[in-house]
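S.K.: please work out how this folds:
(2 chains)
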Amino acid sequence: MQAAKPVSVKDKPDSWTLRVRQAIDRQLPMDHLLPHRQPYYVGSWVYVFGVVTIAALVWVVVSGVVLAFMGPQWWHDSGVGRFFNSLHFWSVQLFFIFMVLHLWGQYFMAGWRHGRAATWAIGVVIFGVSILTAFTGYLSQQNFDSQFIAVNAKDAMNAAGVGAFFNVLNFGQMYGLHIMLLPIGVTILVVWHIVVVRARGVVKPIDPEGAAPR
Amino acid sequence: MDATTSYFHWGFILISVPNLLVIAGMIVLFAVALVAPFPRGREDEDAGS
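M.R.: Take a look at the predicted model:
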């Protein structure tokens, strides 16, 4: 019996897996995705803000998973629960502080130059979705503070015309958005943001003589 | 902890002191990041991406 002849890629030029693999190799080679060296101008603390933002996001997600698993009574009544509640809160504060510092840095170095508009635009969307995630988090605390915020925010939501499908008084909806859909959205967008940063590399400093496109 | 916070009011600007301190700290941190020397691990004259 004759052994089956392996199918060569030449025999399957219309293979979608081949096309996808070649596109990934072309757009995002591994030496771009996981570089072991960086250009000299990356040697500045300004470039650390983005990484610190990601580190804070990791802590937000880890502490949030613990809080979601244990529930509101635990995070209000036990010492360890209050610790994780605080860990979640303060890592969110750090996430926003360093995201804004990263935004300032990228604004002043015009990080959207030379084909990086998508990187900037995704970052803007991350900022917006993060604010929505934090807002639903404040509504999910299960205390008088969250009730106060919900009762006061409902008028703003109704005035904006979104109250019919984004009901801040509906705890189940806000909690579901906060622990499921919005964190998944933020995480996917952050991964996308990092991938496009790695595909293009870090933007060069602005040359006073007039920077040429790379 | 539960006391009402104080506010900074200057013309049309009205902001709570804690928020003002956070923003001031961020501006200081940004300025420090621009001027503080960054440690260099090894020579990187041939680096590029």
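
S.K.: shaky segments in chain B?
M.R.: For chain B, applying pLDDT under 70 flags the ranges B:1, B:41-49.

S.K.: show me the helices in it, by range?
M.R.: B:17-35 (DSSP state H).

S.K.: can you tell me which residue is nearest the centre of it?
M.R.: B:Met26 (1.4 Å; Cα atoms, centre = their mean).

S.K.: wait, that residue sits on A:Val100?
M.R.: Yes - using Cβ atoms under 8 Å, B:Met26 is in contact with A:Val100, at 6.6 Å. No exception for glycine: its C-beta is placed from N, CA and C like everyone else's.

S.K.: which stretch of helix or strand covers the residue nearest the centre of chain A?
M.R.: Centroid-nearest residue in chain A, with Cα atoms, centre = their mean: A:Val190, separated by 3.0 Å. A:Val190 is part of helix A:182-200, with elements assigned from DSSP states H and E.

S.K.: is that helix in proximity to chain B?
M.R.: No - counting by Cβ under 8 Å from any Cβ of the partner chain, chain B has no neighbours in helix A:182-200; the shortest distance is 9.0 Å.

S.K.: check stretch A:33-45 too.
M.R.: Yes - remark: stretch A:33-45 sits within contact range of chain B at A:35, A:37-40, A:43-45, by Cβ under 8 Å from any Cβ.

S.K.: so which of the residues you listed are in strands?
M.R.: Using DSSP state E, no member of the residues of stretch A:33-45 next to chain B sits in strands.

S.K.: now the residues you listed as TSV including pLDDT?
M.R.: Converted to TSV, those look like this (pLDDT from 0 to 100):
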residue	pLDDT
A:Pro35	82
A:Arg37	81
A:Gln38	80
A:Pro39	81
A:Tyr40	80
A:Gly43	84
A:Ser44	87
A:Trp45	92
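
S.K.: which of those tops the neighbour count?
M.R.: Highest neighbour count within these, by other Cβ atoms under 10 Å in any protein chain shown: A:Trp45, with 19 neighbours.

S.K.: who's in contact with it?
M.R.: By Cβ atoms under 8 Å, 6 or more residues apart in numbering or on different chains, A:Trp45 lies in contact with B:32-34, B:36, B:38.

S.K.: repeat that for 6 Å
M.R.: Each residue near A:Trp45 by Cβ atoms under 6 Å, 6 or more residues apart in numbering or on different chains is listed here: B:33, B:36, B:38.

S.K.: could you dump those to JSON lines with distance to chain A?
M.R.: Formatted as JSON lines, those follow (distance: Cβ to the nearest Cβ, whole Å):
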{"residue": "B:Ala33", "distance to chain A": "4"}
{"residue": "B:Ala36", "distance to chain A": "5"}
{"residue": "B:Phe38", "distance to chain A": "5"}
